[in-house]
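>>> I would like to see how this sequence folds:
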Amino acid sequence: MTPADASSLKAILGPTNTGKTFFAIERMLAHRSGMIGLPLRLLAREVYHKIVDRIGAQHVALVTGEERIVPPKARYWVCTVEAMPTDVPVECVAIDEIQVATDFDRGHVFTNRLLHARGLSETLLLGASTMAPLIRALLPDAEIIHRPRFSELTYAGSKKISRQPKRSAIVAFSATQVYAIAELIRRERGGAAVVMGALSPRTRNAQVELYQNGDVDFLVATDAIGMGLNLDVHHVAFADDTKFDGHQTRPLTPAEFAQIAGRAGRHMHNGTFGVTGNAAEFEPELIQQLEGHDFEPVRQVQWRNAELEFASIDALHISLDRTPTIRALTRVPVATDQRTLEFVARNEAGAAARGEAAVRLLWECCGIPDYRDISPAHHGEIVTRIYLDLRNRGRVDADWIAEQVRFCDNVVGDIDTLSNRIRQIRTWTFVANRKNWLEDPAHWREKTRDIEDRLSDALHERLTQRFVDRRTSVLMRHLRDKHMVSPEINDRGEISLEGHLIGSIEGFRFTLARSEGGDAKGVATAAAQVVAPEIAKRAERVAGAPNEEFVLATDGYVRWRGQVVANLAEGDTLFAPRLIILADESLSGPDLERVQDRLNLWLRHLINTQLESVLSLEAPADLEGSARGIAFRLYENLGILPRSAVSDEVKALDQDVRGKLRKLGVKFGAYHLYVPLSLKPAPRELALILYALKHGGVRQPGISDLPQIVLSGRTSFLIDPEVNPKLYELAGFKVAGRRAVRVDILERLADIIRPLIALNPVTHQGQLPAGAAEGNGFRVTVEMTSLLGTAGEDFASILNSIGYRVRRTPKVVAPVADAAPAADVADAAVNAEAVGAVEGTNPPDTTPAAETAVVAEAAADLGAPGPAVEAPAAPAEPEFDEVWFPGGRRPDNARNDNRGENRPRHNRPARADVPAAEGAPTLAEGEKPAERQRSFRRPEGDGKPNGRPRSDGPRPNGPQGDRKPFENKGKPSGGKRFDKPRDDWKEHRPREERKPAAVDPNSPWAALLALRNPKSD
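Numbering: from 1, shown residues only. Reported below is the predicted structural model:
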């Protein structure tokens, strides 16, 4: 090849089936020498054989990564693009499929050949029409020749895989998909050939020969057929529209669709394309593009610097990372060889690479392809071993490579095993074809080629046996044989007979594998006779199986050892569903009865065990009247009942009856009556299934998801509006606002809140607990939010839903003093307020102005400067203090301003027989009314100016709107009689009786009093 300006340059562009490759071969053979670079080793093999057939093998060389056939008098070179020798001068050079220059992995190689590979007389660039603008930008002197397609290409719509027309190619983008489709075609239509880029040329040619000769009418392939393979394909069907390109799974571009679809209709025969399998119908715009061959032009191609520096590894890295200066070129992502270089540079190979020759050799070793697609570290270790042998010995160790080759020399195994060995031997074939890497390269080339050929033949045989075998006739013969062998069943339930798959079995049901035709009824009858003994054996094992082998899933199916054997159906009552045995006609008579009886016994045991605590509430012997009714309501509701549904009945219960219900496992909560033992995941899952059988079926939303949430231990979660709210209750959750909260967790939250709203901050001794607030309110604490696993608006919605309301007041931002004593001044002000509280003075004014005045006064008393006045700062976002109150309470009511002096009746402890409304504090489980009453009573003699005497008995606790303000009409209360109204009583109380509280002389309050009243000493 020669410099870029030494020959005439032509770009032959057009869609598929335009004869571009044929034209290039003809032009090359018209010269005395030539070279053609092709995108695939498969295509290179095909072109090589065509040229050999015309001019003889002695004049044609084949050079690929794994093959090197170079006769002494070779004039024409057929190569893969990566393997093109750049030091061989030829008259004509052709580069096929130049649009591959956009590929992330190989594109930079095609770009380099496009820019630098030239023939002495003529250079041909072959590719899609989309490359025209890029050719004009990079090679303005190139002559662009457009070639039209010989035949028409039309869209044929969507069809099932089994209904594709003959002479069709079905395209998928993974080996798994290819094998699955080929298996389906074999069962439905008789067989298919398989073509993938990972196959060796020998295997690929043998598979194509099956198709071309008409042995099979279908070809299942990857996008490898899109690169110039000439096949007699009439229709191309896409089984998928996405592919993994080595970096990500992405949709195919219209140009890629066209490259593959263009395989349909060769030369003058029209072709069609369509979709099948997982591929969606093509959009009209895409169809128009494919039929008209009109696509977006290519604007950029991948590029990597080819002028590398080998002075050191660092210099090599720098030269590889160089960026292009032309807009139409973009630097390629890190390729496999560069990743390998980064790995080996960190181990002993990098330490040994000193000097230009050593670095150049290291880079050459990094070019060994990773055919097996193993981890970079594993591939890097192989490269390291080869490089160190070359560096230290001058040759790769013969014993080591012999061991590697010997491992591959084994033709026994399935398709995947043989394919893996072929990928391994390709690595050593590549090494054997490097110059001066081995002591006897000719021997190793022949050795590796022979192993690859034998592996390829074995793989072709396995592919034919799996995807082309006419199994129907073979199966029929064996199934009708009176001396047939017993069927084999694998872990997946597949039944095979003498290696032939005849169907699959699950539980007591047999599914016949689809055949390619013939006597389907006869096959089914014979297969049933083969499977009948196995089903009888299974029935015997099920009849004697322990309970642990059966599982009831949320889908309503009963599984035995993981296999479906029965289905749950609605029964006469909630706790007595029916079981339907899922079996073929092979299971009948006594065998069927034994299975039915065993499963019914297991189901009764399951319900009685999991829901024992609920079933005991159906008709308890020691309960009567409303208590018995409450127990039955719990039984009907599977162990969970909202308290509001039976509030009147609960009010009428005395403590003895409540104790009997508690002995039966019933817990009286603030919001629910429930049976704690039934809240475990297993009983809740069973309860959901039993309820769903009677109400909407087990396929409704929530039945399969809620048991997983219960099992996960979550205390709350966002509700799904599509799920029936009753299902949340049956799962053990209360729908509160936007979330569902576990009922026992909701009761624990009530237990946390109840003492806070009962607390009197004025009379409380010691440090106030977290969350305490004035006026029978509380603030949200971390303990509350951690308990429910949520905060913010979601937590607020829960509080709102259970009857609490919030008061939001702006927080006062205290001014920041400049001088250090300002903190002392603030402390003095706080102490002054405390002393005032101790002395029984009026509550201090808490407005910002009043607080500033107090601080200034305290500063004056101490002789310290007052707070400095700062320049007004930018207004900050206001912060609010949120205090929550029981629903219906007015925290701004004058009667609630001083909680210890004027407490409303509805804040007092509730009587045991009169529960609070939902949303107001309620007695906790086991708490006695007297205890609650004592917790609210002031200490003896601790009267307040606005206080009032308390009656002996507890008062009902209900909504405020249903209560009247307390009025003392002089009636006896607590053994005392008040002859005058409350206000008169307050006024006649002698003020002298109030003694000032004693102040600790060592406290800061005493110091502050001394400062304010120096004469007190």
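
>>> okay, stretch 173-189 in PDB with CA atoms only?
Taking C-alpha atoms only, stretch 173-189 is exported to PDB below (Å, rounded to 0.1, in the frame of the first residue of the first chain):
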ATOM      1  CA  PHE A 173     -29.000 -11.000  18.700                       C
ATOM      2  CA  SER A 174     -27.700 -13.500  21.200                       C
ATOM      3  CA  ALA A 175     -26.800 -17.200  21.100                       C
ATOM      4  CA  THR A 176     -29.500 -18.000  23.600                       C
ATOM      5  CA  GLN A 177     -32.200 -16.500  21.400                       C
ATOM      6  CA  VAL A 178     -30.800 -18.100  18.300                       C
ATOM      7  CA  TYR A 179     -30.800 -21.600  19.900                       C
ATOM      8  CA  ALA A 180     -34.300 -21.100  21.300                       C
ATOM      9  CA  ILE A 181     -35.800 -20.000  18.000                       C
ATOM     10  CA  ALA A 182     -34.000 -22.800  16.100                       C
ATOM     11  CA  GLU A 183     -35.400 -25.300  18.600                       C
ATOM     12  CA  LEU A 184     -38.900 -24.000  18.000                       C
ATOM     13  CA  ILE A 185     -38.400 -24.200  14.300                       C
ATOM     14  CA  ARG A 186     -37.200 -27.700  14.600                       C
ATOM     15  CA  ARG A 187     -40.400 -28.700  16.500                       C
ATOM     16  CA  GLU A 188     -42.800 -26.800  14.300                       C
ATOM     17  CA  ARG A 189     -41.200 -26.900  10.800                       C
END
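
>>> Hmm, Arg538 and Arg594 touching each other?
No - the pair Arg594 / Arg538 is not scored as a contact, 11.5 Å apart, by Cβ atoms under 8 Å. C-beta: built from backbone N, CA, C; applies to glycine.

>>> pull the longest helix from this protein.
Ranked by residue count and defined by DSSP state H, the top helix of the chain is helix 441-467.

>>> who touches Gln596 in this structure?
579, 581 (Cβ atoms under 8 Å, 6 or more residues apart in numbering).

>>> got a pLDDT number for it?
At Gln596, the pLDDT value in this model is 91.

>>> Relative to the whole chain's centre, how far out is the helix or strand it falls within?
Gln596 belongs to helix 589-610 when assigned by DSSP states H and E. Averaging C-alpha positions (Cα atoms, centre = their mean, to the nearest Å) puts helix 589-610 38 Å from its chain's average.

>>> Take it, keep the C-alpha atoms, and write them as PDB.
C-alpha atoms of helix 589-610 as PDB (Å, rounded to 0.1, in the frame of the first residue of the first chain):
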ATOM      1  CA  GLY A 589     -59.800 -43.800  40.500                       C
ATOM      2  CA  PRO A 590     -58.200 -44.600  43.800                       C
ATOM      3  CA  ASP A 591     -55.000 -42.700  43.000                       C
ATOM      4  CA  LEU A 592     -57.000 -39.500  42.500                       C
ATOM      5  CA  GLU A 593     -59.000 -40.100  45.700                       C
ATOM      6  CA  ARG A 594     -55.900 -40.600  47.800                       C
ATOM      7  CA  VAL A 595     -54.300 -37.400  46.500                       C
ATOM      8  CA  GLN A 596     -57.600 -35.500  47.200                       C
ATOM      9  CA  ASP A 597     -57.900 -36.800  50.700                       C
ATOM     10  CA  ARG A 598     -54.200 -36.000  51.500                       C
ATOM     11  CA  LEU A 599     -54.400 -32.500  50.200                       C
ATOM     12  CA  ASN A 600     -57.700 -31.800  52.000                       C
ATOM     13  CA  LEU A 601     -56.200 -33.000  55.300                       C
ATOM     14  CA  TRP A 602     -53.100 -30.800  54.800                       C
ATOM     15  CA  LEU A 603     -55.300 -27.700  54.000                       C
ATOM     16  CA  ARG A 604     -57.400 -28.200  57.200                       C
ATOM     17  CA  HIS A 605     -54.200 -28.500  59.200                       C
ATOM     18  CA  LEU A 606     -52.700 -25.400  57.600                       C
ATOM     19  CA  ILE A 607     -55.800 -23.300  58.400                       C
ATOM     20  CA  ASN A 608     -56.200 -24.600  61.900                       C
ATOM     21  CA  THR A 609     -52.500 -24.100  62.700                       C
ATOM     22  CA  GLN A 610     -51.900 -20.700  61.200                       C
END
